[in-house]
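In: Just need the structure, nothing else, for what follows:
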Amino acid sequence: MDADRALVEAAAGGDRDAFDELIRRHESAILGLCRALSGGSADAEDLAQEVFVRAWKSLRTFRGDSAFRTWLHRVAINVARTHHASRGKIMRLFRPVSPRDEDPPDAVEPIDTRLARRDIVERALATLPDELREAITLRDLQGLEYREIAALLDVPIGTVESRIFRARQRLRPLLAPLLDRPVTS
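Out: Below you'll find the predicted structure:
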């Protein structure tokens with residue numbers, strides 16, 4: 001059962017407080033997804049905000065065929081695709097690390113190490129074609145199941161498996177510095 005069902009029904013009826021609670025529940029995951037799909041660009045926060053604006057406007061069309069979380073991830077993917085298409089942006093391989101991208105201060109790892117790791121991961125993801133980046137982000141960063149990813153991307157599960165495999169193959173040498181071990185073929 002969808003843990004968000006009651007909130008979704010209330011929000012679809014116009015309850016702004018219920019929708020605000022849905023945002024609180026999902027904002028971190030959606031921001032992370034937007035950050036990964038945008039190559040870690042400064043646009044990620046704007047994209048996440050656009051996701052929730054579109055979700056609010058479209059909430060009455062949510063039929064409940066999937067979990068709200070799955071539907072919201074689909075909205076985020078569509079927002080990211082529209083953003084890339086409308087701007088014709090080419091992902092930049094290198095970008096400065098912004099202090100606002102930092103992880104919570106209670107993490108054990110020093111902030112400069114965390115920022116360096118995040119930068120390496122974001123640059124590596126930015127090298128992937130959109131279809132591979134979407135699949136690997138949804139699986140390895142967002143934790144979605146293959147079945148959910150297939151539904152979100154509207155492709156067969158075998159295609160999802162193939163995209164994730166190819167993405168991991170491409171990322172392995174790029175992320176080797178994080179793994180502290182040589183890359184083997």
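In: And the helix-or-strand element of the chain with minimal mean pLDDT, what's buried?
Out: Lowest by mean pLDDT, DSSP states H and E among the helices and strands of the chain is helix 111-126, with a mean of 79. For helix 111-126, the neighbour count (16 or more other C-beta atoms under 10 Å) marks 114-115, 118-119, 121-126 as buried. Using the backbone N, CA and C atoms, a C-beta is placed for each residue, glycine as well.
In: is it possible to export those residues to CSV including distance to residue 83?
Out: Listed next are the buried residues of helix 111-126 as CSV, based on distance: C-beta to C-beta, whole Å:
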residue, distance to residue 83
114, 26
115, 24
118, 21
119, 21
121, 20
122, 16
123, 19
124, 20
125, 16
126, 14
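In: Between these, which sits nearest residue 142?
Out: Checking the buried residues of helix 111-126 against residue 142 by C-beta to C-beta gives residue 125 as the nearest, at 12.5 Å.
In: pretty sure that closest one contacts residue 133?
Out: Yes. With contact defined as C-beta atoms under 8 Å, residue 125 reaches residue 133; the gap is 5.4 Å.
In: shaky segments in this protein?
Out: Along the chain, segments meeting pLDDT under 70 span 1, 40-41, 84-109, 179-185.
In: for it, what spans make up the helices?
Out: Under the criterion DSSP state H, the chain contains helices at 5-12, 16-37, 44-58, 68-87, 111-126, 130-136, 146-153, 157-179.
In: so of those helices, which one's packed in deepest?
Out: Greatest average neighbour count among the helices of the chain goes to helix 130-136 (a mean of 22), per mean count of other C-beta atoms under 10 Å.
In: residues touching the residue nearest to the spatial centre of the chain, list them.
Out: Residue closest to the mean C-alpha point of the chain, counted by C-alpha atoms, centre = their mean, is residue 33 at 1.3 Å. By C-beta atoms under 8 Å, 6 or more residues apart in numbering, residue 33 lies in contact with 73, 76-77, 80, 137-138, 141-142.
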